[in-house]
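*Asks:* Provided below for reference: sequence and predicted model.
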Protein chains: 2
Amino acid sequence: MPTLSDVAKEANVSKMTVSRVINHPQQVTPELRKLVLEAMHRLDYHPNSAASALASKRTNVIKFVILENIDTTEPYYMNLLFGIAQGLQSQHFSLQLVRTASDVEKGNCDGYIITGARATDSAWLDKLEKPFVLFGENRYGYDFIDTDNKLGDQLATQYAIDRNYQSIIFIGIDEKEPFEYSREAGYINTLQKYKKIPRIFRVANHSRKAQSFICENWSKFAPDTCFICASDRIAVGVVRAIQEKGGKIPKDFGVIGFDGVFLDQVSNPKLTTIKQPIFKLGESLAMMILQKVAQDGAQQGEVLMPPDLIKRESTR
Amino acid sequence: MPTLSDVAKEANVSKMTVSRVINHPQQVTPELRKLVLEAMHRLDYHPNSAASALASKRTNVIKFVILENIDTTEPYYMNLLFGIAQGLQSQHFSLQLVRTASDVEKGNCDGYIITGARATDSAWLDKLEKPFVLFGENRYGYDFIDTDNKLGDQLATQYAIDRNYQSIIFIGIDEKEPFEYSREAGYINTLQKYKKIPRIFRVANHSRKAQSFICENWSKFAPDTCFICASDRIAVGVVRAIQEKGGKIPKDFGVIGFDGVFLDQVSNPKLTTIKQPIFKLGESLAMMILQKVAQDGAQQGEVLMPPDLIKRESTR
DNA sequence: CTATCAACTGTTACCGGTATCAAAAAAGCC
DNA sequence: GGCTTTTTTGATACCGGTAACAGTTGATAG
């Protein structure tokens, strides 16, 4: 394993010059820079992350905090993680996973990416000493990245209208969280544009809960209805309920999910869904926290990334 | 942040003694050890992982290599990851995720945990310079940890027999991999014990493939049949096929899955399944690779962990 | 009572980088 | 051209640990 010194010798410069080429290239004249880069390349040099972490009093570790029950963890977390990992990798950072607020303080890191934070978590978030960014909308001014939830269900609702479903109903998640309000807002806004009256029901985010809800209230849902669901889980339940009641998908009943990871494919018929750009969200989260760390905790703002409408078999 | 030196001063010993208390406690007399531990506790000392990595020429990073398509990634990987993370945490190691063989060599680490390795991967596995362990059975002598697949489907088959299903059929995954052979072996062995003749079908590991397969061959399956499925995905498809054909679950048809993460709960009826101890597998993987690293790459052998039969609604 | 040895503890040098400041070189100015 | 200012480069001192070896101590043996 070649070291900084090796490269320095090879290029006939001092260690510092090499270090600068890596971290502050603009401080070095182009000629020297080129020399050094060539030397690095010749020797196949890779910086030692532990050494740089030590010298610059960092850890090169970001913690990913998942404040959700492991058993109900959504499959899309895997994609999120991949995205995060990819983003961190590019800066030679590595990752630690944390599942409980109590483990957060254990061991060192340079910053946190936090997901699953609810309104009640803001108490301890405020006490964190390291910079953090959230995955998921919040209205407390914390930096976050999320799918553009509102846009997502605007797309969904618009599509249901375009496909000429007579009645368009929203099946939401029974939680008072910003992402849910945003999705509902997308639905409501779009319906209002056409002077239609919104009808919203809310259930727990479980396929079976959704299924039994629809079955129990089946009489309320006439044919030619499209269900805009706040999650693929719910959509899966709705599909099963319709099938159980003998409704015809997609002819008489349409179903549109939200998430677009895993479940939408396992379902039959495959779900029309709002696909979140999960991998990219992960990557962006990584970039944001790294930047925030580099800028000593400076505010980063909010980022909403547009989702895609994936048209499949559960709508006509 | 207190350092080793701070603790050393507080306890009136040298840095080395403190270091020894942390890494080789048995080399220090109990009295001193106590003194040091108290000092560490008083100061709330946490070792600096970067410094120790640098000094001992390690990186304190383990790479988790996932050789599978991100989109078909099983939800249980999340649990595996949690387990791995937990195991690594305990030794102050952190994690990097890698998805392609080409990224494996990029950046440094002390060892690898590799999953999704197929027979064809052994070529580059042999070339790896750092120690590694595999998640998943293999017959090439590589160290691995896996669920006891054979035992799993012994349990499943035995249960189907106990529940008095007349005919017991295995729906396997259409891949020539050890885990599949082991599951089939568990099924075959148990049936043979009762002088019953095995019937095995194999399909791709997709719910819809399984569904259409069962539908197309529906005439072959008389009532009073239990399907032992090699995965929950397949089980979900089988359940849907039976429902589509109007079969009664669990009275006339039983379905037993394999995995026990996520899908089994989303299904309706909830699946009877062989639940893999995924979290523990992950933890063990972490422990194994850490030990292997500590022992400079010494062989660790194979570990098979027993799964559990979870009895739910898809069997009578 | 001293020599020998084992067991424990301390000293020193170094792991591979980076920050800081000093020195040198280049540029600007009169 | 000489002097000041700015830019570029280099020397040095750490960052917080660990390995290797040296020194100390007490026990055991002769």
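*Replies:* Ah, there it is.
*Asks:* hang on, A:D148 packs against A:M305?
*Replies:* Yes. Taking contacts as CB atoms under 8 Å, A:D148 lies within contact range of A:M305: 6.3 Å. Bear in mind the C-beta positions are built from the backbone N, C-alpha and C, glycine included.
*Asks:* Who has more neighbours out of those two?
*Replies:* Just comparing A:D148 and A:M305: by other CB atoms under 10 Å in any protein chain shown the higher neighbour count belongs to A:D148, 20 against 15.
*Asks:* which residue sits closest to that one, ignoring its sequence neighbours?
*Replies:* Residue nearest to A:D148 in three dimensions, not counting chain neighbours: A:L304, with 4.0 Å by CB to CB, 6 or more residues apart in numbering or on different chains.
*Asks:* Touching, the one you found and A:T147? I think so.
*Replies:* Yes. A:L304 is within contact range of A:T147, at 7.1 Å (criterion: CB under 8 Å).
*Asks:* List of residues touching the helix or strand of chain A with the lowest mean pLDDT?
*Replies:* Least confident helix or strand of chain A, by mean pLDDT, DSSP states H and E, is helix A:101-104 with a mean of 78. For helix A:101-104, the external contacting residues (CB atoms under 8 Å, 6 or more residues apart in numbering or on different chains) are A:63, A:65, A:67, A:98, A:112, A:121, A:124, A:128, B:89.
*Asks:* And those, which of them are buried?
*Replies:* Applying 16 or more other CB atoms under 10 Å in any protein chain shown to the contacts of helix A:101-104, the neighbour count classes A:63, A:65, A:98, A:112, A:121, B:89 as buried.
*Asks:* Switch those over to CSV; also include secondary structure.
*Replies:* Putting the buried ones among the contacts of helix A:101-104 into CSV (DSSP: H, G, I helix; E, B strand; the rest coil) gives the following:
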residue, secondary structure
A:K63, strand
A:V65, strand
A:V98, strand
A:Y112, strand
A:D121, helix
B:Q89, helix
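*Asks:* Tell me who's in contact with A:A39.
*Replies:* Going by CB under 8 Å, 6+ apart, A:A39 touches A:7, A:10-11, A:18, A:45.
*Asks:* ok, the helix or strand where it lies near DNA strand D or not?
*Replies:* Per DSSP states H and E, A:A39 falls inside helix A:30-43. Yes. Remark: helix A:30-43 sits within contact range of DNA strand D at A:31-32, by CB under 7 Å from any atom of the strand.
*Asks:* mind listing what's buried in that helix?
*Replies:* Buried residues in helix A:30-43, counted by 16+ other CB under 10 Å: A:32-33, A:35-37, A:39-40, A:43.
*Asks:* Equivalent analysis for stretch A:217-227, please.
*Replies:* For stretch A:217-227, using 16+ other CB under 10 Å, the buried residues are A:221, A:225-227.
*Asks:* so how far is it off the chain centroid?
*Replies:* Offset of stretch A:217-227 from its chain centre (CA atoms, centre = their mean, to the nearest Å): 32 Å.
*Asks:* okay, how far is it across that stretch, tip to tip?
*Replies:* One end of stretch A:217-227 to the other measures 13 Å (CA to CA, to the nearest Å).
*Asks:* can you pull the contacts of A:L125?
*Replies:* Per CB under 8 Å, 6+ apart, neighbours of A:L125: A:114, A:117, A:132, A:142.
*Asks:* pretty sure the last one contacts A:L134?
*Replies:* It refers to A:Y142. Yes. Look at A:Y142 against A:L134 with CB under 8 Å: they come within range, at 5.2 Å.
*Asks:* And the two? Which one has more around it.
*Replies:* A direct count of neighbours by other CB under 10 Å for A:Y142 and A:L134 places A:L134 higher, at 24 against 20.
*Asks:* which element is that one on?
*Replies:* Per DSSP H and E: A:L134 is located in strand A:132-135.
*Asks:* Tell me the residues on chain A that lie near DNA strand D, please.
*Replies:* A:13-17, A:20, A:27-29, A:31-32, A:51, A:54-55, A:57.
*Asks:* Quick one, which of those residues are buried?
*Replies:* Buried by 16+ other CB under 10 Å: A:13, A:17, A:20, A:28, A:32, A:54, out of the residues of chain A next to DNA strand D.
*Asks:* Just the element for the second one, please.
*Replies:* With elements delineated by DSSP H and E, A:T17 resides in helix A:15-23, which encompasses its position.
*Asks:* related to what we said a few turns ago, taking the buried residues of stretch A:217-227 together, which two end up most distant?
*Replies:* A:F221 and A:C226 (10.4 Å; CB to CB).
*Asks:* A:L95: neighbour count?
*Replies:* Neighbourhood size, A:L95 [other CB under 10 Å]: 25.
*Asks:* So it sits against A:L88, correct?
*Replies:* Yes. The pair A:L95 / A:L88 is scored as a contact, 5.9 Å apart, by CB under 8 Å.
*Asks:* between the two, what contacts are shared?
*Replies:* Common neighbours of A:L95 and A:L88 (criterion: CB under 8 Å, 6+ apart): A:62, B:96.
*Asks:* Could you pick out the residues of the stretch 201-316 of chain A near chain B for me?
*Replies:* Listed as neighbours of chain B in the stretch 201-316 of chain A under the rule CB under 8 Å from any CB of the partner chain: A:207-208, A:211, A:233, A:236-237, A:240, A:262-263, A:266, A:268, A:270, A:279.
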